[in-house]
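Asker: Please work out how this folds:
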Amino acid sequence: MQLQFAIDTLSTETALELAAQAAPHVDILELGTPLVKSAGVAAITAIKEAHPDKIVFADLKTMDAGELEADMAFQAGADLVTVLGVAGDSTIVGAVAAAKKHGKGIVVDLIGVPDKAARAREVTELGVEFVEVHAGLDEQAEEGFTFDTLLEEGKASGVPFSIAGGVKASSVASVKAAGARVAVAGSAIYSASDVGAAAAEIRAAIDAA
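Answerer: Numbers count the residues shown, from 1 in each chain. Here you go, the predicted model:
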């Protein structure tokens, strides 16, 4: 199982600092949506140039103009780009077309999708790399949210998936046991006093699981 670091900051400079500390321990560097909106696709280029050996994940959360937006991100250096699962199939198909042109991949983010397992199967048939079973920051703060629900939805999908939304060292064993392809950790790494040590702890937990 791969480890993805979701870098949720607003400046390229800070993103580069965080990435440098975590990079030895992670497989995928994700530019969070706020970062891409704040700094633009130039942030993608900066991260890829600094870490050419890492998979760079541009979390665009595209809802429309799938081919155009994905093409922009791939040209900037992204290896993976997200499209929302609530988007129309034509948007996802367009993004997949751009990915094929560049030899890259599309990930469908299932945030806000009522039946995540069913939608995961539908979009996989459209040619996406994998789906992200995701609970956003707002959803995690809602009463009744449980991490186990994400794991159950991932397992029920029967397709390649990642888990995002509260992943930390103490939960990665359950993520791996659920069959996830990728564990996505954000605040558990970037909010730590020692970013490198936090990433290393999660990596060790994955390896030990």
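Asker: Most distant residue from the centre of the chain?
Answerer: Glu143 (24.1 Å; Cα atoms, centre = their mean).
Asker: Skip ahead from the longest strand belonging to the chain and say which helix or strand is next.
Answerer: Ranked by residue count and defined by DSSP state E, the top strand of the chain is strand 55-62. Remark: after strand 55-62, the chain's next helix or strand is helix 66-76, criterion DSSP states H and E.
Asker: Check which helix or strand the residue lying closest to Ser170 once chain neighbours are set aside maps to.
Answerer: Using Cβ to Cβ, 6 or more residues apart in numbering and skipping residues adjacent in sequence, the residue nearest Ser170 is Ala205, 7.6 Å away. All C-beta spots, glycine's among them, are computed from the backbone N, C-alpha and C. Element membership of Ala205, judged by DSSP H and E, is helix 195-208.
Asker: contacting residues for Tyr190?
Answerer: By Cβ atoms under 8 Å, 6 or more residues apart in numbering, the contact list for Tyr190 reads 5-9, 18.
Asker: give me that answer again for 6 Å
Answerer: Tyr190 makes contacts with Leu18, as judged by Cβ atoms under 6 Å, 6 or more residues apart in numbering.
Asker: before we move on, the earlier item: any idea how far the helix holding Ala205 is from the middle of the chain?
Answerer: How far helix 195-208 lies from its chain's middle: 18 Å, per Cα atoms, centre = their mean, to the nearest Å.
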